[in-house]
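Chemist: Need coordinates for the following:
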Amino acid sequence: MSCTKKKRRLAVLRPKLEALLADQESGRVRLCFGSRRLFRKQFAREENGYADHAAWKKDWQAERSSQFFVLGSKDEASGNQSCQAAVAPDGSLRLRLRLPNGWGSTSKHPVLEGVRLAYGQEEILQALSAGRVVTAQTKTGKLFRKREGAAVSYRFVRDRKGWRVFASVEAQPVALVTRRLAGAIGVDSNPDHLALAETDRFGNLVEIRRIGLHLYGKSEEQAKAAIGDACRQIARACAESGKPLVIERLDLRKRRAELEAVDCVRARSLSSFAYAKTISMLKAASFRAGVERIEVDPAYTSVIGAVNHARRHGIGSHQGAAYAVARRGLGLSERPSVREAVVPTRNGGHLTFALPARNRAKHVWSFWAVVRKGLKAAHAAHARSGGNHLPPAPLLPKSRALGATRALPAKPRHANRRQHCSADVLDDLPW
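Modeler: Below you'll find the model as predicted:
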């Protein structure tokens, strides 16, 4: 069945490739200002609610002239040549536009009074006050005066409510409030949640967290809001603990390629989870909070977390992966800590298989590459035997009193600390 789908996909992509190659050879560039959807509506006016071609053309011209962008420059007064802002006594902005010749306006420099920005007003005011005149020297030794400041760009957008103004400036760096000597907080991204693991400076596990991120069925704006709240929560936790944030350097092209090779349920889960948006918002939130961001290679972090850390600390595989990410960010050892792997499963059971002998002449990742193959084979054998459909073990009275919903047959060793048997840990077991 997957071969048939790939053939169908190949048949769809080949005509598109041929069309693109033909445009490239002929030098043809296809651009449509106003959207192709609206352009094609002129050929089916009655179905799209247009009485005649003039009605469609009115919407088409309005859409093509619905916005314009004014690029800023740090060498100009107020950071922009064509749109200069001044601060009014009441704190609002006074925008003076410079229109091109031939627009038929009564004034070449219209002025917009009382402009206030809903977000970032303070940053714009700081950028406007940062301009100054300095004396520089040319290569021939001649002195001249020039202006230096912050570039302020403006985008004017017209919608059904009127005109809106969007101003943008270069973000200024924030003083770091974190140190690597305090430890690190690792993040493992998953389709339905973000797993966090906090370590001390020696790499010992201090705390684990789980932030739900259910995006399936939500609109784009709802997904952005949920991701933004989660990222701000993570950045605030890093700032309060004084520890840097460690994230994975994900290959989004590989993620998109996975969609064609998995089943429909897994494909919907992967496509609904905005990997790129999550990573970009994590970077932005950590930048604004003054949190150092460390990016590491994601190779074998899930395998290391499941084999080395899951049973040992009584945590789930995803939290183990976040723990492995945090330790990798600190540059700590990734050597195997057990001889026999006991990996938890989704229904509260576990997998057991012997680890291969390690060749110490090679990098440790070569060992984890072999372990990953064995882990995949163990999961496949467990699924064929029907182990994924077995009911979980009954809850113990103590676990039920802590608020747990399932019990883990693979009991952790050395679990003599309260943090290893709290309600948060038991509630986040992998099922």
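Chemist: For the spatially closest residue to V115 that is not a sequence neighbour, the count of nearby residues, please.
Modeler: Distances taken as CB to CB, 6 or more residues apart in numbering place L93 nearest to V115, at 4.2 Å, with adjacent residues excluded. Using the backbone N, CA and C atoms, a C-beta is placed for each residue, glycine as well. Residues near L93, counting by other CB atoms under 10 Å, number 21.
Chemist: Let's see the helix or strand where S366 lies as PDB, backbone CA atoms only.
Modeler: Using DSSP states H and E, the element containing S366 is helix 364-384. The C-alpha coordinates for helix 364-384 follow below in PDB (Å, rounded to 0.1, in the frame of the first residue of the first chain):
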ATOM      1  CA  VAL A 364      30.400   6.300  21.700                       C
ATOM      2  CA  TRP A 365      27.700   7.200  19.100                       C
ATOM      3  CA  SER A 366      28.700   4.100  17.100                       C
ATOM      4  CA  PHE A 367      27.700   2.000  20.100                       C
ATOM      5  CA  TRP A 368      24.300   3.800  20.400                       C
ATOM      6  CA  ALA A 369      23.700   3.300  16.600                       C
ATOM      7  CA  VAL A 370      23.800  -0.500  17.200                       C
ATOM      8  CA  VAL A 371      21.600  -0.100  20.400                       C
ATOM      9  CA  ARG A 372      19.000   1.800  18.400                       C
ATOM     10  CA  LYS A 373      18.700  -1.100  15.900                       C
ATOM     11  CA  GLY A 374      18.200  -3.500  18.800                       C
ATOM     12  CA  LEU A 375      15.700  -1.200  20.400                       C
ATOM     13  CA  LYS A 376      13.600  -1.000  17.200                       C
ATOM     14  CA  ALA A 377      13.700  -4.800  16.900                       C
ATOM     15  CA  ALA A 378      12.600  -5.200  20.500                       C
ATOM     16  CA  HIS A 379       9.700  -2.800  20.000                       C
ATOM     17  CA  ALA A 380       8.700  -4.700  16.900                       C
ATOM     18  CA  ALA A 381       8.800  -8.100  18.700                       C
ATOM     19  CA  HIS A 382       6.900  -6.600  21.600                       C
ATOM     20  CA  ALA A 383       4.200  -5.400  19.200                       C
ATOM     21  CA  ARG A 384       3.900  -8.700  17.400                       C
END
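Chemist: Identify the residues contacting it?
Modeler: 299-300, 303-304, 306-307, 334-336, 341, 343, 345, 349, 351-353, 355-356, 358-359, 388 (CB atoms under 8 Å, 6 or more residues apart in numbering).
Chemist: mind listing what's buried in it?
Modeler: 364, 367-368, 371-372, 374-375, 378, 382 (16 or more other CB atoms under 10 Å).
Chemist: Next, D188: phi, psi?
Modeler: phi -120, psi 120 (degrees, to the nearest 10).
Chemist: beta partners for it?
Modeler: Here D188 sits in beta bridges with A195, going by DSSP bridges.
Chemist: so it makes contact with A321?
Modeler: Yes - contact criterion CB atoms under 8 Å: D188 and A321 qualify, at 4.2 Å.
Chemist: Quick one: low-confidence residue ranges for this structure.
Modeler: Where the chain drops to pLDDT under 70, the residues are 1-2, 101-107, 252-273, 391-396, 398-431.
Chemist: Not counting the helix or strand where F68 lies itself, show me its contacts.
Modeler: F68 belongs to strand 67-70 when assigned by DSSP H and E. In this structure, residues lying in contact with strand 67-70 by CB under 8 Å, 6+ apart are 80, 82-83, 97, 153-158.
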